[in-house]
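Trainee: Have a look at this prediction, sequence included:
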Amino acid sequence: MPIAQEYFDKPAKTYLFGTPLKRTYAPFLHNTITRLAGVPRNYSKFESNDIEAFLKLVNDPECGGSAVTMPNKVEICKHVHELTEDGGLIGACNTVIIKKGPNGERILVGHNTDSVGVLESLRKADDSHIKSGKTRPGMIFGAGGASRAAVYAMNRWMNCNPIYVANRDDGEVEALIADYKKNASPDFNPTMIHIKTPEQVAELEAPAYIVSAVPAFPPVSEGEKNARAIIEAIFNKSEKGVILEMCYFPHPWTELAQIAQDAGWNVVTGEQAMIWQGIEQQKLWLNIEEKDLPLPEIFESVRKQLEDDAKTGNEPPEQ
């Protein structure tokens with residue numbers, strides 16, 4: 001549906017709530033989307049973990065919605081009026097949608113679009129496994145905040161089960177798996193397998209999709225070296241798939257991306273997931289569909305800005 005006139009008539013403020021917000025491309029992305037769409041909105045950083053101050057912002061009539069990032073994605077779930085199914089099952093919200101109640105009151109709805117970022121970037125790279133209707137494993141490399149949405153996307157929408165997890169810290173993996181068991185539901189109950197050694201990989205079926213959510217630094221500690229050996233063993237299995245390398249700073253093409261490509265894997269760089277989850281947020285805030293946004297121009301603007309900043313080392317602009 002086209003963007004409704006009401007969104008053009010009154011400028012609205014949107015925010016990114018989290019800390020630290022250094023090197024984030026979210027303001028540039030969102031301000032690019034609304035500029036290209038001709039909608040008078042401004043997206044700015046609210047660098048804080050003060051929930052009460054944030055709630056005051058989003059309850060202001062001038063606010064048209066908000067994004068939420070670390071360390072507030074889990075905590076915000078306790079302070080919104082409603083959770084969507086995705087937000088509730090993932091247990092973390094990166095998006096606050098404003099609804100009007102029956103008496104005109106503002107209702108804050110917590111949602112998660114990170115999962116859509118994972119789904120769309122992998123699906124558009126190669127959706128043959130999804131279309132096959134067959135089930136194959138998925139894999140998470142890392143056990144941080146991005147893993148929740150990645151597990152949800154792969155298990156709920158991408159025919160992936162079980163979900164392998166490898167990480168430099170075994171305790172983080174066990175905590176992640178325990179969290180999923182605690183929050184399991186009939187609709188979302190993935191089997192999680194912790195891969196602890198490279199030798200274990202020989203017994204496992206190759207995953208169809210991998211999401212890597214670790215910093216783009218060479219492995220130094222024993223835990224990091226072991227985790228790298230595990231994922232390289234996965235790469236070297238005969239059956240290949242698609243990997244989403246979430247890290248896109250200081251450059252979208254990382255050492256891990258090169259290793260995966262050399263092993264025959266299809267690599268998707270991390271700005272794709274960032275852009276798709278932002279597009280999903282704008283669709284919800286503006287009540288529109290994907291076709292109503294100038295997608296080629298959006299992707300090209302972000303690509304060019306990333307390329308320029310990688311050369312200069314500049315901070316991302318906000319506009």
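Mentor: Nice, I can see it.
Trainee: Identify the residues contacting residue 173.
Mentor: Residues in contact with residue 173, defined by CB atoms under 8 Å, 6 or more residues apart in numbering, are 143, 165, 166, 167, 194. Placement of C-beta: from N, CA and C, glycine included.
Trainee: for the chain, what spans make up the strands?
Mentor: All strands of the chain, identified by DSSP state E, fall at 12-18, 41-47, 63-68, 82-83, 95-100, 106-111, 136-141, 160-166, 192-194, 209-212, 242-245, 266-269.
Trainee: Give me the helices and strands touching the second one, please.
Mentor: Counting contacts by 3 or more CB pairs under 8 Å, 6 or more residues apart in numbering; DSSP states H and E, strand 41-47 is packed against strand 12-18, helix 26-37, helix 51-58, strand 63-68.
Trainee: Same question for the shortest one.
Mentor: Contact analysis of strand 82-83 by 3+ CB pairs under 8 Å, 6+ apart lists strand 106-111 as its packing neighbours.
Trainee: returning to what we had before: any idea which of the helices and strands packed on strand 41-47 gets closest to residue 101?
Mentor: Residue 101 lies closest, by CB to CB, to one member of those: helix 51-58, at 14.7 Å.
Trainee: Low-confidence stretches in the stretch 151-300 of the chain?
Mentor: Counting by pLDDT under 70, the stretch 151-300 of the chain contains no low-confidence segment.
Trainee: And the helices in it?
Mentor: Ranges of helices in the stretch 151-300 of the chain, per DSSP state H, counting those that start in this stretch, are 170-182, 222-235, 255-262, 270-286, 295-312.
Trainee: Just name the most buried of the ones you listed.
Mentor: Among the helices of the stretch 151-300 of the chain, helix 270-286 has the highest mean neighbour count (mean count of other CB atoms under 10 Å), at a mean of 23.
Trainee: returning to what we had before: could you dump the strands of the chain to JSON lines with distance to residue 154?
Mentor: Shown next, in JSON lines, are those (distance: least, CB to CB, whole Å):
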{"stretch": "strand 12-18", "distance to residue 154": "24"}
{"stretch": "strand 41-47", "distance to residue 154": "29"}
{"stretch": "strand 63-68", "distance to residue 154": "22"}
{"stretch": "strand 82-83", "distance to residue 154": "21"}
{"stretch": "strand 95-100", "distance to residue 154": "20"}
{"stretch": "strand 106-111", "distance to residue 154": "19"}
{"stretch": "strand 136-141", "distance to residue 154": "4"}
{"stretch": "strand 160-166", "distance to residue 154": "4"}
{"stretch": "strand 192-194", "distance to residue 154": "11"}
{"stretch": "strand 209-212", "distance to residue 154": "6"}
{"stretch": "strand 242-245", "distance to residue 154": "10"}
{"stretch": "strand 266-269", "distance to residue 154": "13"}
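Trainee: so which of those strands comes closest to residue 303?
Mentor: strand 266-269 (9.6 Å).
Trainee: Just tell me which of the helices and strands packed on strand 41-47 ends up closest to residue 316.
Mentor: Nearest to residue 316, of all these, is helix 26-37, at 5.1 Å by CB to CB.
Trainee: now the closest one: mean pLDDT?
Mentor: Taken as a whole, helix 26-37 has a mean pLDDT of 94.
Trainee: which helices and strands does that helix pack with?
Mentor: On a contact count with 3+ CB pairs under 8 Å, 6+ apart, helix 26-37 meets strand 12-18, strand 41-47, helix 270-286, helix 295-312.
Trainee: List the contacts of that helix.
Mentor: Outside helix 26-37, the residues within contact range by CB under 8 Å, 6+ apart are 3, 14, 16, 40-45, 67, 69, 274-275, 278-279, 281-282, 286, 292-294, 297-298, 301-302, 305, 316-319.
Trainee: Please spell out which residues along that helix are buried.
Mentor: For helix 26-37, a neighbour-count test (16 or more other CB atoms under 10 Å) marks 26, 27, 28, 29, 30, 31, 32, 33, 34, 35, 37 as buried.
Trainee: Distance to residue 62 for the residues you listed - can I get that in TSV?
Mentor: Below are these laid out as TSV (distance: CB to CB, whole Å):
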residue	distance to residue 62
26	19
27	17
28	21
29	21
30	16
31	16
32	21
33	19
34	15
35	19
37	19
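Trainee: ok, so of these, who is nearest residue 199?
Mentor: residue 26 (40.5 Å).
Trainee: if we can go back for a sec, residue 251: which of the helices and strands packed on helix 26-37 is closest?
Mentor: Across the helices and strands packed on helix 26-37, the minimum distance to residue 251, taken as CB to CB, is reached by helix 295-312, at 4.6 Å.
Trainee: Wait, residue 107 touches residue 59, no?
Mentor: No: the criterion here is CB atoms under 8 Å, and residue 107 misses it with residue 59 at 10.4 Å.
Trainee: Spell out for me which residue occupies the centre of this protein.
Mentor: Geometric centre of the chain, nearest residue: residue 114, 3.1 Å, by CA atoms, centre = their mean.
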